[in-house]
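K.L.:
Generate coordinates for the sequence data below:
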Amino acid sequence: MMFGWFNRRRTPASGPDFRHVDSRAKAEALHAKGELRKLLLLPAAFGGEDIPPNVVYVPAFALGLKEQLDQGIVRQLVRDGKATRYAATPEYEGKSVIPSQIRVAATEPGHFEGTISIWGKAAEKRPSAASQIQDPTWPAFRLSSASVESMGPEDLVRAFISDYDAWNRYSHLMSERDAIAGIDAAEAAYAELSRKYCPPGQVHQPISFGSDSSHDSEREAIVDVATTDDASLVRTRHTKKVGSLVMARDHEFHLKRADGRWYLTSLLYVDEDGKYEGL
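P.N.:
Below is the predicted model of the structure:
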């Protein structure tokens, strides 16, 4: 018992220490000073209300991570019909009213889970991004319900574009949490993406991701398809508004049929100067 008591009371090895914030009044006082932010467990975008049972107080970085997860991943799952239920469950350490971590789940018919580690033991035991990729609930593109093995060229390209967008959001989120381990996670996730769409042994180009995905379903449309018995060329155009300008990027998706299914073998970015591999 004594060892457990000392373990609960010890100062965290790193990061914030909220052991002393043991009442809602203290949390609200820190919020008034700007040291903590108000977080809605069920976000307003999903119908959450600013009422005490739905409110916790957290440092700014945790609020930012929650918003990135909700808007970058969960929102897309809802839009794609892969999630109809949402839960954000805070967990606490000792008598503190500041969550040590928040577990987020978006489920039915898919299943996505993510954990935001904030302080105390939860933060000290935070898994690296590279290890999190082994969790089958990460990244979101694994939730795609349709089997690509039965898809024709157009549907396969559409599925790839959606999954690529999910990979980009996942990679960007993980790199924001940990710049170094985030690269490992993005590489591992891209390998999964490649195995899903490309023939065995496909070697991909160096990865690139950011806040604005190179491919996404809302802005990229198929403009032409040419298919023979065992080969297909699908051309797409990705448009983006920058102020009053509309910027367009053209892509060519090259597919081959083998072993009873279509595989993506090349993805070229096309401009007036040439074609560049991007797969």
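K.L.:
Could you list the low-pLDDT ranges of the chain?
P.N.:
1-15, 125-146, 242 (pLDDT under 70).
K.L.:
longest helix anywhere in this structure?
P.N.:
Ranked by residue count and defined by DSSP state H, the top helix of the chain is helix 153-177.
K.L.:
Okay, buried residues for that helix please.
P.N.:
For helix 153-177, burial by neighbour count (16 or more other CB atoms under 10 Å) applies to 153-154, 156-175, 177. Placement of C-beta: from N, CA and C, glycine included.
K.L.:
what's the answer for stretch 53-68, then?
P.N.:
In stretch 53-68, counting by 16+ other CB under 10 Å, buried: V55, V56, Y57, V58, P59, A62, L63, L65, K66, Q68.
K.L.:
Distance of the residue positioned nearest the centre of the chain relative to Y164?
P.N.:
Closest residue to the average C-alpha location of the chain: Y170 at 2.8 Å, with CA atoms, centre = their mean. According to CB to CB, to the nearest Å, Y170 and Y164 sit 11 Å apart.
K.L.:
same check, this time on P52
P.N.:
P52 is 41 Å from Y164, where distance means CB to CB.
K.L.:
ranges for the strands of the stretch 151-279 of the chain?
P.N.:
Taking DSSP state E, counting those that start in this stretch, the strands of the stretch 151-279 of the chain run over residues 220-227, 231-242, 245-258, 261-271, 274-277.
K.L.:
looking at those, which is buried most?
P.N.:
Highest mean neighbour count among the strands of the stretch 151-279 of the chain (mean count of other CB atoms under 10 Å): strand 261-271, with a mean of 18.
K.L.:
That one pairs with which strands?
P.N.:
Note on strand 261-271: by DSSP bridges, its sheet partners are strand 245-258 (antiparallel), strand 274-277 (antiparallel).
K.L.:
what's in contact with that strand?
P.N.:
Contacting residues not belonging to strand 261-271 are listed as 148-153, 156-157, 160, 197-199, 202, 232, 249-257, 275-279 [CB atoms under 8 Å, 6 or more residues apart in numbering].
K.L.:
ok and that strand relative to strand 231-242, angle-wise?
P.N.:
50 degrees (axes from the mean of the first three to the mean of the last three CA atoms, to 10 degrees).
K.L.:
tilt between strand 261-271 and strand 220-227?
P.N.:
120 degrees.
K.L.:
Backbone torsions only: list them for L42.
P.N.:
When read as degrees, to the nearest 10, the backbone of L42 gives phi -90, psi 110.
K.L.:
Ok, D216 next?
P.N.:
According to degrees, to the nearest 10, D216 has phi -160, psi 150.
K.L.:
what residues are up against the nearest residue to it once chain neighbours are set aside?
P.N.:
In space, and not counting its chain neighbours, D216 is closest to D165: 4.1 Å by CB to CB, 6 or more residues apart in numbering. By CB under 8 Å, 6+ apart, the contact set of D165 is Q76, S213, H215, D216, S217.
K.L.:
likewise R103?
P.N.:
So R103 contacts A87, A88, T89, E91, E113, G114, T115, I116 (CB under 8 Å, 6+ apart).
K.L.:
Check I183 too.
P.N.:
S175.
K.L.:
Tell me the spacing between it and S117.
P.N.:
19 Å.
K.L.:
Next: G64.
P.N.:
14 Å.
K.L.:
How many residues are close by H31?
P.N.:
Around H31 there are 15 other residues, counting by other CB atoms under 10 Å.
K.L.:
Could you do Q71 as well?
P.N.:
13.
K.L.:
so it, which of the three states?
P.N.:
Secondary structure, DSSP: H, G, I helix; E, B strand; the rest coil: Q71 is helix.
K.L.:
How about it, nearest residue that isn't a chain neighbour?
P.N.:
Distances taken as CB to CB, 6+ apart place A45 nearest to Q71, at 7.4 Å, with adjacent residues excluded.
K.L.:
my guess is the one you found is in a helix, correct?
P.N.:
Yes - under three-state DSSP, A45 falls within a helix.
K.L.:
which among the contacts of R103 end up buried?
P.N.:
Those of those that meet the buried threshold are A88, G114, T115, I116, by 16+ other CB under 10 Å.
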